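Engineer: Got a predicted model here, sequence first, then my questions.
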Amino acid sequence: MGFTPAIRTCFSKYVTFSGRASRPEYWWFILFVVLASIAAGILDMMFFPAMVTVDSTVTDTGFSYSAESRGPFSIIFALGVFLPFLTAGWRRMHDTGRSGLYLLYPLIVMIGIGSFASLSGVALSPTGSEAVSGLFGLILILAYLVLMISPILVLWWLTRPSQPGENQFGPNPSAVTT
């Protein structure tokens, strides 16, 4: 599958969470989203320079770039591709034989850490010294390690080859001719 068919497929399956997405379909769509996001940012800077302020400085440690706000083109594009982006990743997880929920693993870990911290009263604590004391601190440190590893794990799952043949989510998209 090439660049244009991948984009067409992802937009035609705008809210389709079932089925499978091949590696080329997913990664070509990701490339499109990245390139179009850059183009939307450039359009925002051209047409709405007062809304988008960019602070770029060169420091001792290197080049620093930060965009403080997003313009309307970037916001509209991000809203327009949110569901196809999510469904393509969901179907890509299906293609590797995993549930699409695995795509949300980092978000689930963040919610778990926030719930654990708020239930234990750390969120109400004015100092952080209580946050890293005793068993609670050890659990929190381990949870943050899982949080740091989880996006890398999801990315690794997204790069895995397709399961050969049919799996519980449908036929192999590479073997299906349309």
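Structural biologist: Great, that's in hand.

Engineer: Tell me, how many residues neighbour Ser12?
Structural biologist: 9 (other CB atoms under 10 Å). (C-beta placed from N, C-alpha, C; glycine too.)

Engineer: For this protein, name the helix or strand with the lowest mean pLDDT.
Structural biologist: strand 62-67 (a mean of 50; mean pLDDT, DSSP states H and E).

Engineer: Check this structure for me, the residue farthest from its geometric middle.
Structural biologist: The centre of the chain is farthest from one residue, Gly134, which by CA atoms, centre = their mean lies 33.5 Å away.

Engineer: tell me the pLDDT at that residue?
Structural biologist: As predicted, Gly134 sits at a pLDDT of 70.

Engineer: Next one: it from Leu140, what distance?
Structural biologist: Distance of Gly134 to Leu140, computed by CB to CB, to the nearest Å: 10 Å.

Engineer: Also Pro24?
Structural biologist: 40 Å.

Engineer: Which one's more surrounded, those two?
Structural biologist: Each of Pro24 and Leu140 has its neighbours counted (other CB under 10 Å); Leu140 has more, 18 against 15.

Engineer: How far does stretch 149-168 sit from its chain's centre?
Structural biologist: 14 Å (CA atoms, centre = their mean, to the nearest Å).

Engineer: Ser162 contacts Pro24, doesn't it?
Structural biologist: No: contact between Ser162 and Pro24 fails when scored by CB atoms under 8 Å: they sit 10.1 Å apart.

Engineer: residue ranges with poor pLDDT in the chain?
Structural biologist: 50-69, 120-133, 176-178 (pLDDT under 70).

Engineer: which residues in it form strands?
Structural biologist: 54-59, 62-67 (DSSP state E).

Engineer: Identify the residues contacting the residue farthest from the centre of the chain.
Structural biologist: Applying CB atoms under 8 Å, 6 or more residues apart in numbering to Gly134 gives no contacts.

Engineer: and the protein, what are its domains?
Structural biologist: 1-96+163-178, 98-159 (automatic domain parsing).

Engineer: ok, and which of those domains has the densest surroundings?
Structural biologist: domain 1-96+163-178 (a mean of 15; mean count of other CB atoms under 10 Å).

Engineer: how near is the closest residue to Ala143 other than its chain neighbours to Val146?
Structural biologist: Leaving out its chain neighbours, the residue that sits closest to Ala143 by CB to CB, 6 or more residues apart in numbering is Ile113, at 4.8 Å. Look at Ile113 and Val146: by CB to CB, they are 9 Å apart.
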